[in-house]
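Colleague: With the input below, show me the fold.
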Amino acid sequence: MSKKVSLRKTKEAAALYSAAPITVRGSFEATVTSKGQIVIPASLRRKFGITPQTRIVIYEEGQQIILKPITSEAIRQLHGSLKGSGMVKALLAERAADREREDAKFNRSR
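Modeller: Sure, this is the predicted structure:
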C-alpha cells in the first residue's frame with residue numbers, strides 16, 4: 001500500500017514540475033534526444049553567430065549548465081587579452097622541458 005502512495009506522490013510531483021511555466025524572459029525549451037543532443041533555436045543561432053561546425057564550450061555554474069559558442073567574434077574579443085602575462089615565455093619553457101624529457105627518453109633506449 002505504501003508503494004502505491006509513494007508512487008502516486010512521485011507522479012504528482014513530476015506532473016507539477018513539468019507543468020510549471022518557464023518564467024525566464026526570452027527562454028526556450030528543448031528536448032534532449034537519446035544521444036544527448038539538443039537543438040538550439042534558430043533565432044539564438046543567428047543572434048550568437050552559431051553556424052554548422054561552431055564549437056561550443058559547455059560548463060556548469062551552480063545549478064546551471066552554460067553553453068558558450070566559440071565564434072570568430074569571441075576570438076576577436078580575446079585578441080590581446082593575454083598581452084604581457086608571460087604566457088609565451090611559459091609556453092616556450094614548457095616546450096623546452098618536453099623536448100628535454102623526450103631527448104632523455106630517446107637516449108636511454110640506445
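Colleague: Tell me which stretches of the protein form strands.
Modeller: Across the chain, reading from the start of the chain, the strands by DSSP state E fall at 55-61, 64-70.
Colleague: Next, the distance between the ends of stretch 55-66.
Modeller: Across stretch 55-66, the terminal residues are separated by 14 Å (Cα to Cα, to the nearest Å).
Colleague: what's it in contact with?
Modeller: 50, 67, 68, 69, 70 (Cβ atoms under 8 Å, 6 or more residues apart in numbering). (Each C-beta comes from the backbone N, C-alpha and C, glycine too.)
Colleague: repeat that for 10 Å
Modeller: If you take Cβ atoms under 10 Å, 6 or more residues apart in numbering as the criterion, stretch 55-66 is touched by 40, 48, 50, 67, 68, 69, 70, 71, 74.
Colleague: Same question for stretch 74-89.
Modeller: Stretch 74-89 has contacts (Cβ under 10 Å, 6+ apart) with 48, 49, 54, 55, 57, 68, 70, 71, 93.
Colleague: C-alpha coordinates for the helix ranked longest in the chain, CSV please?
Modeller: For the chain, the helix with the greatest residue count under DSSP state H is helix 87-108. Extracted as CSV, the C-alpha positions of helix 87-108 are listed here (Å, rounded to 0.1, in the frame of the first residue of the first chain):
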residue,chain,number,x,y,z
MET,A,87,52.1,33.2,-21.5
VAL,A,88,54.5,32.9,-24.4
LYS,A,89,57.5,32.5,-22.1
ALA,A,90,55.7,29.9,-20.1
LEU,A,91,54.7,28.0,-23.3
LEU,A,92,58.3,28.1,-24.6
ALA,A,93,59.6,26.9,-21.2
GLU,A,94,57.1,24.0,-21.2
ARG,A,95,58.1,23.0,-24.7
ALA,A,96,61.8,23.1,-23.8
ALA,A,97,61.1,20.8,-20.8
ASP,A,98,59.1,18.4,-23.0
ARG,A,99,61.9,18.4,-25.5
GLU,A,100,64.4,17.6,-22.7
ARG,A,101,62.2,14.7,-21.5
GLU,A,102,61.9,13.3,-25.0
ASP,A,103,65.6,13.6,-25.6
ALA,A,104,66.3,11.8,-22.3
LYS,A,105,63.9,9.1,-23.1
PHE,A,106,65.4,8.6,-26.6
ASN,A,107,69.0,8.5,-25.2
ARG,A,108,68.0,5.8,-22.6
